[in-house]
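**Student:** this one's sequence-less:
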């Protein structure tokens with residue numbers, strides 16, 4: 001039985017619905033709004049951030065971009081890695097463990113999502129397969145650089161939940177990847 005992820009149509013100048021998935025030049029793009037044929041007359045690579053998403057151009061390179069907005073109350077974990085040497089009389093010496101010792105981990109929830117949106121999110125995650133990093137626009141207070149668009153993550157695990165007809169919840173775990 002074929003998967004819903006196997007039969008992704010190629011891009012063509014046809015009206016698309018929000019969250020529809022198309023392939024173009026061996027990449028997958030996701031419609032970010034309902035479009036008329038006139039809005040959809042440009043290929044996804046030339047109309048990124050206007051009608052399509054899934055990639056962002058940084059220094060001329062297309063980098064995968066997770067553009068869906070999570071529900072409120074995302075849990076962010078900061079666990080600095082340190083090495084502790086214990087000496088007599090309770091004295092401790094603590095040192096940072098490695099160069100990138102304080103990476104952000106986020107547990108994101110996507111609640112009450114339609115089947116189309118859920119399929120597009122799951123498609124994006126399945127394409128990355130837990131190993132390929134992607135850009136995710138995190139809140140400024142957790143960003144370590146001047147540009148939040150340089151923060152890359154992997155998603156090693158995700159759990160979709162079927163709530164009712166056309167109503168799904170997703171729990172995703174994002175782990176920051178050092179550049």
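**Tutor:** Perfect, I can see it now. On a predicted model such as this, the values are computed, not experimentally measured, just so you know.
**Student:** Domain map for the protein?
**Tutor:** What automatic domain parsing lists as the domains of the chain is 1-53, 71-179.
**Student:** And these: which comes nearest residue 61?
**Tutor:** When those are ranked by distance to residue 61, counting by Cβ to Cβ, first place goes to domain 71-179 at 11.2 Å. In short, each C-beta sits where N, CA and C put it, glycine included.
**Student:** Can you pull out the low-pLDDT segments for this protein?
**Tutor:** Along the chain, the model assigns pLDDT under 70 to residues 1-16, 35-50, 144-150.
**Student:** who touches the residue nearest the centre of the chain in this structure?
**Tutor:** With the centre of the chain defined as its mean C-alpha position, the nearest residue by Cα atoms, centre = their mean is residue 66, 3.0 Å away. Neighbouring residues of residue 66 by Cβ atoms under 8 Å, 6 or more residues apart in numbering: 124, 134-136, 153, 155.
**Student:** Phi first, then psi, for it.
**Tutor:** When quoted as degrees, to the nearest 10, the phi and psi of residue 66 stand at phi -90, psi 100.
**Student:** Identify the bridge partners of it.
**Tutor:** According to DSSP bridges, residue 136 are recorded as the beta-bridge partners of residue 66.
**Student:** now it: how far from residue 163?
**Tutor:** Here residue 66 is placed at a distance of 22 Å from residue 163 (Cβ to Cβ, to the nearest Å).
**Student:** Equivalent analysis for residue 86, please.
**Tutor:** Relative to residue 163, residue 86 is positioned 49 Å away (criterion: Cβ to Cβ).
**Student:** Which of the two has more residues huddled nearby?
**Tutor:** When residue 86 and residue 163 are compared for neighbours, residue 163 comes out ahead with 11 against 8, by other Cβ atoms under 10 Å.
**Student:** Where does that one sit: helix, strand or coil?
**Tutor:** Three states are possible here, and by DSSP: H, G, I helix; E, B strand; the rest coil the one that applies to residue 163 is strand.
**Student:** ok, now which ones touch it?
**Tutor:** Under the criterion of Cβ under 8 Å, 6+ apart, the neighbours of residue 163 are 112, 169.
**Student:** What segments of the protein are strands?
**Tutor:** Secondary structure of the chain, counting by DSSP state E: strands at 21-24, 27-31, 52-53, 55-58, 61-66, 75-78, 82-86, 92-96, 104-113, 134-136, 152-164, 167-177.
**Student:** Good, wrapping up.
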